[in-house]
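S.K.: I'll drop the sequence and a predicted model, then ask my questions.
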Amino acid sequence: DAKTTQPPSMDCAEGRAANLPCNHSTISGNEYVYWYRQIHSQGPQYIIHGLKNNETNEMASLIITEDRKSSTLILPHATLRDTAVYYCIGEFSGTYKYIFGTGTRLKVLA
Amino acid sequence: DAGVIQSPRHEVTEMGQEVTLRCKPISGHDYLFWYRQTMMRGLELLIYFNNNVPIDDSGMPEDRFSAKMPNASFSTLKIQPSEPRDSAVYFCASGGQEKLFFGSGTQLSVL
């Protein structure tokens, strides 16, 4: 079973921040939180990952709660091209054996 | 690097025929994964290799499916005989730098 739970869908206005939540209360202390997205029928694409601290890269920011039971992926200025299914995954770093759940279908509206 | 390369992009075949999907991972990556995606079941992990050795094939649906990785730069997923319920998008991915890199997938239609 997937270790994470996400809302099935969200809408966001273009130019606004998109905040995608993920619950991962059952992941172990050494498991990282990974985020991937899948645009239409393309292969999933890596976004960001983290263990305890908040992380930021050119694509997004990842905020992990202190108790590590949940996290939020933030796309600071969503564009139409960010419309995709976003997957949150809990896994040990370097094993890559990801179990994809159903993800959150984000729709960015013009 | 060109990324993970899969072929063919589309495959249409008739029930009972053998189907072979091919994958070239990113050079230097030690892990290779085969996933299948359908509307009903989402993304399913079928099998993965580490240093060309199959590690976990528990996701392979049945004996009709087999996968090989004869060397670090090539893997195949074979379905024999194929059935209409095998129709799906099959993705190959290679792991390195703490990330998975996916290919563009093979759209398989079994009539």
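M.R.: Perfect, I can see it now. Computed from a predicted structure; not experimentally measured.
S.K.: skipping its backbone neighbours, what lies nearest the residue nearest the centre of chain B in space?
M.R.: For chain B, the residue lying nearest the average C-alpha position, counting by CA atoms, centre = their mean, turns out to be residue B:34 (3.6 Å). Distances taken as CB to CB, 6 or more residues apart in numbering or on different chains place residue B:46 nearest to residue B:34, at 4.5 Å, with adjacent residues excluded. Where C-beta positions appear, they are placed from N, C-alpha and C, glycine not excepted.
S.K.: can you tell me the element the one you found falls in?
M.R.: Element membership of residue B:46 [criterion: DSSP states H and E] is strand B:42-50.
S.K.: pull up the pairing partners for that strand, direction included.
M.R.: Strand B:42-50 has the following sheet partners, assigned by DSSP bridges: strand B:31-38 (antiparallel), strand B:53-56 (antiparallel).
S.K.: ranking those by burial, who's on top?
M.R.: Mean neighbour count (mean count of other CB atoms under 10 Å in any protein chain shown) peaks for strand B:31-38 among these, with a mean of 22.
S.K.: export that one as CSV, just CAs?
M.R.: Output of strand B:31-38 as CSV, limited to C-alpha atoms (Å, rounded to 0.1, in the frame of the first residue of the first chain):
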residue,chain,number,x,y,z
TYR,B,31,19.2,0.8,-11.4
LEU,B,32,16.7,0.1,-14.1
PHE,B,33,12.9,-0.1,-13.6
TRP,B,34,10.0,-1.2,-15.7
TYR,B,35,6.6,0.3,-14.9
ARG,B,36,3.2,-0.1,-16.5
GLN,B,37,0.4,2.5,-16.5
THR,B,38,-3.3,2.1,-17.1
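S.K.: list the contacts of that strand.
M.R.: A:96-97, A:100, B:23, B:25, B:43-50, B:67, B:69, B:75, B:77, B:87-96, B:100, B:102, B:105 (CB atoms under 8 Å, 6 or more residues apart in numbering or on different chains).
S.K.: wait, doesn't residue B:109 sit right on residue B:12?
M.R.: Yes. Applying CB atoms under 8 Å as the test, residue B:109 and residue B:12 come out as touching, 4.7 Å apart.
S.K.: report the angle between the helix or strand of chain A with the lowest mean pLDDT and strand B:42-50.
M.R.: One helix or strand of chain A scores below all others by mean pLDDT, DSSP states H and E: strand A:84-92, with a mean of 91. Angle, strand A:84-92 to strand B:42-50, by axes from the mean of the first three to the mean of the last three CA atoms, to 10 degrees: 40 degrees.
S.K.: what comes up buried for strand A:84-92?
M.R.: For strand A:84-92, the neighbour count (16 or more other CB atoms under 10 Å in any protein chain shown) marks A:84-91 as buried.
S.K.: any stretches of the chain with poor pLDDT?
M.R.: By default, I'm working from chain A. A:1-2 (pLDDT under 70).
S.K.: try again with chain B
M.R.: Where chain B drops to pLDDT under 70, the residues are B:1.
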